[in-house]
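Visitor: Just to be clear, the model below is a prediction. Sequence and coordinates:
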Amino acid sequence: MIDRLVFPYIINRQYATDGRARPFLPVSLRTGHHSVQSLALVDSGADMNVMPYDVGNELGGIWDEQQEIVGLSGITGQVESRAIVVALEIGNWPIIKMGFAWTREADVPVILGQISFFSHVNVCFMRSRQQFELEYVSQGNKD
C-alpha cells in the first residue's frame with residue numbers, strides 16, 4: 001500500500017462557478033450494495049463531513065430513518081441534516097468508515113472535514129503547486 005498520495009487541484013464547475021481550482025479528491029462512497037463515485041472537497045475549515053441529498057439517496061439512505069444532527073451550519077447558514085455512516089475508499093488504501101452530515105441541500109459537494117476524515121488522513125495543501133498530499137494514518141502511527 002502506498003501511504004502517501006498526491007492529487008492536483010481541479011476545477012469542479014458543478015460546484016465552483018468561479019472557475020477556481022480546489023482540492024477535490026476522487027473517492028468511492030459505499031453502503032451495503034450501493035456505491036457512488038464522487039469528487040469530494042478536502043476542506044480543513046469544515047468541522048465535519050457533509051454529503052448532499054442526492055448522494056445519500058444513491059447510497060440507499062432513507063432520510064426519515066436517520067438521526068437528526070442539530071447545529072449543522074456554515075457559510076450559507078443553518079441547514080437540516082441527518083447522520084449517515086459510509087465506507088470511504090481512496091485509491092488502494094484500506095476502507096475508512098466515517099460519519100457524514102447528510103443534508104437536504106443539493107448544491108453542495110461531498111465535503112471531507114476535520115471530524116472523521118482528518119483523524120484518518122494527514123493533509124498537506126500546496127496551493128502554489130496546485131496540489132495536495134494525503135498521508136494515510138494507521139492506528140499505529142497516529143500523531
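Guide: Received it, and whenever you're ready, just let me know what you need.
Visitor: What score does the most centrally placed residue in the chain have for pLDDT?
Guide: A centroid search over the chain (Cα atoms, centre = their mean) returns Leu112, at 3.0 Å, as the residue closest to the centre. Looking at Leu112, its pLDDT stands at 97.
Visitor: got it, and Pro26?
Guide: The model's pLDDT for Pro26 equals 97.
Visitor: can you check Gln78 too?
Guide: On pLDDT, Gln78 comes in at 69.
Visitor: Quick one: residues contacting Val121.
Guide: Contact analysis of Val121 by Cβ atoms under 8 Å, 6 or more residues apart in numbering lists Ile90, Ile96, Leu134, Glu135, Tyr136, Val137. In this view, the C-beta of every residue, glycine as well, is placed from N, C-alpha and C.
Visitor: Just among those residues, which is most surrounded?
Guide: Across the contacts of Val121, neighbour numbers were computed from other Cβ atoms under 10 Å; Leu134 holds the maximum, 23 neighbours.
Visitor: beta partners for that one?
Guide: On the basis of DSSP bridges, Leu134 takes part in beta bridges with Leu5, Val123.
Visitor: So it is in contact with Ile2, correct?
Guide: No. The pair Leu134 and Ile2 does not pass the contact test of Cβ atoms under 8 Å, sitting 10.1 Å apart.
Visitor: With the flanking residues excluded, which residue is spatially nearest to Ile31?
Guide: Just so we're on the same page, residue 31 is Thr rather than Ile. Once flanking residues are discounted, Thr31 sits nearest to Leu59: 4.6 Å by Cβ to Cβ, 6 or more residues apart in numbering.
Visitor: quick one: pLDDT of Ala40?
Guide: Turning to Ala40, the model gives it a pLDDT of 97.
Visitor: quick one, helices of this structure?
Guide: Under the criterion DSSP state H, the chain contains helices at 53-58, 117-120.
Visitor: Could I get the CA-only coordinates of the shortest one as PDB?
Guide: Spelled out, that is helix 117-120. The C-alpha trace of helix 117-120 is given here as PDB (Å, rounded to 0.1, in the frame of the first residue of the first chain):
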ATOM      1  CA  PHE A 117     -11.600  12.500   7.800                       C
ATOM      2  CA  PHE A 118      -8.700  14.400   9.300                       C
ATOM      3  CA  SER A 119      -8.500  11.800  12.100                       C
ATOM      4  CA  HIS A 120      -7.500   9.200   9.500                       C
END
